[in-house]
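Asks: next comes the sequence, and after it the predicted model I'd like to discuss.
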Amino acid sequence: MSTSKTTFDAVVVGSGACGGWAAKQLTEAGLNVLVLEAGRSNTADRLLWTWHRVKQKLLGYRAETDEKRKQRQSVQSSTFAWPFHPHAFVDDVDNPYTTPADAPFSWIRARQVGGRTSVKAHGRQFYRLSDFNFKAGSQDGHGPDWPLTLADLAPHYETVERWMGIHGNRDGLDTLPDSVFTAPITMTPAEQWLKEHVERRWPDRRVIVRRTASAPVTLPAALKTGRLTLRTHAVVNQVQYDDKQGRVTGVTYVDTETGKVHEARGRVVVLAAGTIETTRLLLHSRSAAFPDGLANSSGQLGRNLMDHTYLLGIEAKMNLSADRQRMEQSWAYIPQFRNVTTREDGFARGYGVQVFTFGDSCHFVPFGEMVPRAENRVTLDPKVKDRWGIPAAHIECRHSDNERKMNADAVASCQEMMREAGFTVEKVNDAMATPGMAIHEVGTARMGSDPKTSVLNPNNRAWDVANLYVMDGASFPSQGAQNPTLTMMALAVRACDHLVGEFKAGAH
């Protein structure tokens with residue numbers, strides 16, 4: 001194993017939305033940072049993307065009919081985005097994971113610079129959480145509250161939003177706080193029609209425009225500082241922990257192009273590899289002090305895995321006049337309205353509905369909140385390893401009666417809103433997708449105010465290890481109904497502010 005002679009101020013594992021923000025914030029603050037990315041570079045992706053498009057246009061290639069590719073990507077090919085950008089996703093044969101026979105989970109993974117947000121068909125919807133979400137546990141007893149408030153996170157939301165240039169409108173909703181918007185979005189006539197009918201019939205329901213932006217691309221800004229080193233094809237297999245010092249010293253990683261193992265040293269290690277991958281890495285990084293996984297004195301590491309319930313297939317003909325139809329796809333959003341002002345019988349939390357329109361067609365897609373439960377968890381498979389000899393994740397995640405009852409309510413409410421607008425419901429699929437298919441997995445290394453019941457403190461730092469941070473969705477104590485990426489990025493920015501302060505104080 002070769003060891004780098006350089007000790008970086010920070011080693012960041014993962015170059016996705018959160019790892020990219022960590023690199024940007026830390027390098028701009030004067031730190032020397034190493035980012036390790038398991039996948040390929042942007043240049044390599046662009047070449048593969050160009051070749052993919054050439055094959056499509058000139059040779060009629062369709063990934064959906066490429067049986068060899070589908071065999072290698074049996075899980076990845078199940079997501080809607082895969083046909084658009086198949087090479088962005090992992091090879092499931094080289095990167096296996098396991099589940100119980102009766103509890104499948106679809107772990108969708110993109111390994112390339114930029115992570116899943118760089119996938120061509122990424123949804124790119126960005127919503128803040130609110131104190132309604134942060135304090136949900138104390139309201140209904142399902143899990144803990146977050147150890148922070150909207151006021152704590154708002155300045156960091158704003159940092160991300162201004163950089164990305166989010167488009168949207170000010171809606172004045174306490175449960176879905178407004179972002180800082182660069183430009184407004186005008187509703188299509190179809191969306192306006194739906195809004196008028198739904199809000200007139202149900203004053204507690206709102207139909208709003210989407211809140212969207214291009215993919216967050218922050219690594220170029222970090223590279224401009226001259227203080228970022230980016231290494232691709234680097235699969236991290238362990239975080240190195242010194243039992244005597246009580247601190248991490250860096251990570252070891254496999255160069256997938258040569259097969260050689262290297263050690264990268266850092267004064268601080270930041271994990272931003274994605275919820276399940278980060279947890280797998282921590283579980284594999286065992287020592288005498290942490291026989292059950294690094295920073296796991298609480299026993300909470302790997303537990304409380306959550307992914308939004310996801311439902312496809314509620315479709316309708318809108319019956320709109322030709323002047324109200326638009327032949328380009330648009331989308332709007334109906335924020336959570338269940339368990340907001342009143343408490344529902346049978347289930348806690350709620351769901352938001354993404355509304356897609358095209359021509360005279362309308363498609364409702366509800367995403368519901370999964371409540372945290374300790375039995376939904378990630379462990380290591382004792383027998384299965386990936387191509388590089390790293391134990392595979394074993395994922396056990398089941399929907400509960402709470403999610404099933406919420407889903408039934410979503411199916412009914414979507415149809416009633418469609419019909420209230422005069423739409424003709426043409427297709428109803430009431431079966432929830434396999435957990436993981438929403439691609440919004442969070443939890444498993446949650447933050448909290450008590451080290452006995454959480455893995456991370458309110459600044460995303462491990463309670464047990466003073467120079468170890470987790471800056472991705474693993475830190476979420478609960479989920480909310482909103483898309484989680486904006487909150488992940490804001491948490492990363494906030495954690496970096498804290499980390500920079502520690503460096504200035506001489507803590508590292």
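Replies: Perfect, I can see it now.
Asks: which residues of this structure fall in helices?
Replies: Secondary structure of the chain, counting by DSSP state H: helices at 17-28, 42-59, 67-72, 131-134, 136-140, 150-164, 189-201, 219-224, 275-284, 401-420, 485-504.
Asks: how confident was the prediction at the residue nearest to W49 when sequence neighbours are not counted?
Replies: Leaving aside its sequence neighbours, W49 sits nearest to H85 (C-beta to C-beta, 6 or more residues apart in numbering; 7.0 Å). Bear in mind the C-beta positions are built from the backbone N, C-alpha and C, glycine included. For H85, the model assigns a pLDDT of 91.
Asks: and H85, how many neighbours?
Replies: Other residues within reach of H85, judged by other C-beta atoms under 10 Å, total 20.
Asks: show me where pLDDT drops low in this protein?
Replies: Judged by pLDDT under 70, the chain has its weakly predicted residues at 4.
Asks: pick out the residue nearest the middle of it.
Replies: Closest residue to the average C-alpha location of the chain: H440 at 4.6 Å, with C-alpha atoms, centre = their mean.
Asks: just checking, that residue touches Q482?
Replies: No - using C-beta atoms under 8 Å, H440 makes no contact with Q482, being 9.2 Å away.
Asks: what touches both of the two?
Replies: Here H440 and Q482 share no contacting residue, scored by C-beta atoms under 8 Å, 6 or more residues apart in numbering.
Asks: just to revisit the earlier point, ok, the residue nearest to the centre of the chain - contacts?
Replies: With contacts defined as C-beta under 8 Å, 6+ apart, H440 is in contact with D307, H308, F367, G473, Q479, N483, P484.
Asks: identify the farthest-apart pair in those.
Replies: By the measure C-beta to C-beta, F367 and G473 form the most distant pair in those, at 14.6 Å.
Asks: tell me which of those two has more neighbours.
Replies: G473 (27 against 23).
Asks: with adjacent residues omitted, what lies nearest to the more buried one?
Replies: Nearest to G473 is V442, by C-beta to C-beta, 6+ apart, at 3.8 Å.
Asks: and the residue nearest to T309 when sequence neighbours are not counted, bridged to which residues?
Replies: Nearest residue to T309 in three dimensions, chain neighbours excluded: G368, at 3.8 Å (C-beta to C-beta, 6+ apart). Partner residues in beta bridges with G368: T309, Y351, with DSSP bridges as the criterion.
Asks: likewise for R40?
Replies: According to DSSP bridges, beta-bridge pairing links R40 with Q112.
Asks: surely it is in contact with A234?
Replies: No - with contact defined as C-beta under 8 Å, R40 does not count as touching A234 (11.0 Å).
Asks: on that earlier part again, which single one of the contacts of H440 is nearest to A272?
Replies: When the contacts of H440 are compared for distance to A272 (C-beta to C-beta), G473 wins out at 9.6 Å.
Asks: just checking, that closest one touches M488?
Replies: Yes - the pair G473 and M488 qualifies as a contact (C-beta under 8 Å) at a distance of 5.2 Å.
Asks: okay, and the common contacts of these two?
Replies: Residues within reach of G473 and of M488 at once, by C-beta under 8 Å, 6+ apart, are C18, V442.
Asks: what is the neighbour count of L486?
Replies: The tally of other residues near L486 (other C-beta under 10 Å) stands at 24.
Asks: if I look at the nearest residue to M370 once chain neighbours are set aside, how far off is H394?
Replies: For M370, the nearest residue in space outside its immediate sequence neighbours is M306; the separation is 4.3 Å by C-beta to C-beta, 6+ apart. If you measure M306 against H394 using C-beta to C-beta, to the nearest Å, the figure is 17 Å.
Asks: the more surrounded of the two?
Replies: Neighbour totals were compared for M306 and H394, and M306 leads with 29 against 21 (other C-beta under 10 Å).
Asks: related to what we said a few turns ago, looking at the helices of the chain, which is buried most?
Replies: Each of the helices of the chain was scored by mean neighbour count; the highest is helix 17-28, a mean of 28, by mean count of other C-beta atoms under 10 Å.
Asks: which helices and strands sit right next to it?
Replies: When contacts are defined as 3 or more C-beta pairs under 8 Å, 6 or more residues apart in numbering; DSSP states H and E, helix 17-28 packs onto strand 2-13, strand 33-36, helix 219-224, strand 261-271, helix 485-504.
Asks: and the ones you listed: which comes nearest T342?
Replies: Smallest distance to T342 across the helices and strands packed on helix 17-28 (C-beta to C-beta): 25.7 Å, for helix 485-504.
Asks: so what's M370 up against?
Replies: M370 sits in contact with M306, D307, H308, T309, N376, H399, E403, P435, Q479, where contact means C-beta under 8 Å, 6+ apart.
Asks: need the contact list for P147.
Replies: Contact criterion C-beta under 8 Å, 6+ apart gives M447, G448, S449, S454, N457, P458, P477 as the residues in contact with P147.
Asks: for P189, same thing?
Replies: Applying C-beta under 8 Å, 6+ apart, we find P189 in contact with L320, D323, R324, Q325, R326.
Asks: redo the residues you listed as CSV? Include distance to H122 and neighbour count.
Replies: Rendered in CSV, the data for the contacts of P189 read as follows (distance: C-beta to C-beta, whole Å; neighbours: other C-beta atoms under 10 Å):
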residue, distance to H122, neighbour count
L320, 29, 20
D323, 32, 7
R324, 29, 15
Q325, 27, 16
R326, 22, 16
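Asks: need these in JSON lines (columns: distance to A103).
Replies: As requested, these are exported to JSON lines (distance: C-beta to C-beta, whole Å):
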{"residue": "L320", "distance to A103": "42"}
{"residue": "D323", "distance to A103": "49"}
{"residue": "R324", "distance to A103": "45"}
{"residue": "Q325", "distance to A103": "43"}
{"residue": "R326", "distance to A103": "42"}
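Asks: out of the residues you listed, which are inside strands?
Replies: Using DSSP state E, R326 are the members of those that sit in strands.
Asks: can you tell me how far the closest residue to V75 other than its chain neighbours is from K385?
Replies: Ranked by C-beta to C-beta, 6+ apart and with sequence neighbours excluded, the top spatial neighbour of V75 is D92, at 4.8 Å. In this view, D92 and K385 are 14 Å apart by C-beta to C-beta.
Asks: same check, this time on V160
Replies: Here the distance between V160 and K385 works out to 37 Å (C-beta to C-beta).
Asks: ok, T434 - contacts?
Replies: By C-beta under 8 Å, 6+ apart, the neighbours of T434 are P104, F105, S106.
Asks: also A183?
Replies: The contact partners of A183, by C-beta under 8 Å, 6+ apart, come to G165, H167.
Asks: make it 7 Å
Replies: With contacts defined as C-beta atoms under 7 Å, 6 or more residues apart in numbering, the neighbours of A183 are H167.
Asks: wait, isn't H508 in contact with V269?
Replies: No - H508 is not in contact with V269 according to C-beta atoms under 7 Å; the separation is 10.8 Å.
Asks: identify the contacts common to the two.
Replies: Overlap between the neighbourhoods of H508 and V269 consists of N467, taking contacts as C-beta under 7 Å, 6+ apart.
Asks: give me the more crowded residue out of the two.
Replies: V269 (30 against 16).
Asks: now for the more buried one: which residues touch it?
Replies: Taking C-beta under 7 Å, 6+ apart, we find V269 in contact with V11, V239, V248, G250, V251, N467, L468.
Asks: swap in 10 Å and give it another go.
Replies: Residues counted as contacts of V269 (C-beta atoms under 10 Å, 6 or more residues apart in numbering) are 8, 10-13, 236, 239-241, 247-251, 281, 285, 294, 462, 465, 467-470.
Asks: so where do the strands sit in the stretch 251-400 of the chain?
Replies: Chain-ordered strands for the stretch 251-400 of the chain, with DSSP state E, counting those that start in this stretch as the definition, fall at 261-271, 309-310, 314-317, 326-334, 351-359, 361-368, 377-385, 391-396.
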